[in-house]
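K.L.:
A structural model of the following input is requested.
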Amino acid sequence: AKYGSPSVSAFEVSDEERQRTYEACWEMGGQAMLFAYNDLLKCADANETAARFVRQRIREKLVEPAVADLLVPTDHPIGAKRLCLDTDYYETYNRDNV
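P.N.:
The predicted structure follows:
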C-alpha cells in the first residue's frame, strides 16, 4: 500500500506533532491526509483537526478571501467527497481569466 495504516488517534499526539504530520501528508500529496491518523474517518472531532489544516492551506493559496470562502470544504468531513488533488488547482482561481 502506498500509505501505511495509521496506529494512533489524532488526539493521542500533541497539537505540534499533529501539525507536523499534516504538513508531511500535505507535502506527500494524494490521499495521504486521510491516512494520517486512525480515527480521521471515524470521529468527527478528529476529522475536524484535518479539515482545519486543509482549509488553512487552501486559503494560503488563494488571493481573494471571498473565493476561498467558496472553495474551502465546510459542508462535509474531509475524505467524504473526492479531494481536489490536481497540481495548481486552487492557484487557477487567482488568474484574471477565471
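
K.L.:
From here on, just use CA atoms for contacts and neighbour counts.
P.N.:
Will do.

K.L.:
From Asn94, how far out is Gly30?
P.N.:
Remark: distance between Gly30 and Asn94 (Cα to Cα, to the nearest Å) = 22 Å.

K.L.:
Over to Glu17?
P.N.:
32 Å.

K.L.:
contacting residues for Leu40?
P.N.:
If you count contacts by Cα atoms under 8 Å, 6 or more residues apart in numbering, Leu40 has them with 9-10, 34, 46-47, 50.

K.L.:
Reformat these as TSV; add neighbour count and distance to Val63.
P.N.:
Below are the contacts of Leu40 laid out as TSV (neighbours: other Cα atoms under 10 Å; distance: Cα to Cα, whole Å):
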residue	neighbour count	distance to Val63
Ser9	15	34
Ala10	23	30
Leu34	19	27
Ala46	18	28
Asn47	19	26
Ala50	23	22
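
K.L.:
Need the contact partners of stretch 75-94.
P.N.:
29-31, 34, 41, 44, 47-48, 50-51, 58, 61-64, 67, 98.

K.L.:
Now that stretch: buried residues?
P.N.:
77-78, 90, 93 (16 or more other Cα atoms under 10 Å).

K.L.:
Closest one of those to Ser5?
P.N.:
Ile78 (17.6 Å; Cα to Cα).

K.L.:
helix, strand or coil for the closest one?
P.N.:
On the three-state scheme (DSSP: H, G, I helix; E, B strand; the rest coil), Ile78 is labelled coil.

K.L.:
mind checking how far Tyr3 is from Met28?
P.N.:
Counting by Cα to Cα - Tyr3 and Met28 are separated by 10 Å.

K.L.:
Can you list the low-confidence ranges for this protein?
P.N.:
1, 85-86 (pLDDT under 70).

K.L.:
Would you tell me which helix is longest in it?
P.N.:
Ranked by residue count under DSSP state H, the longest helix found in the chain is helix 44-61.

K.L.:
Contacts made by it with the rest, please.
P.N.:
Counting by Cα under 8 Å, 6+ apart, 9-11, 19, 22, 33, 39-41, 65, 68, 72-73, 77-78, 90-91 sit against helix 44-61.
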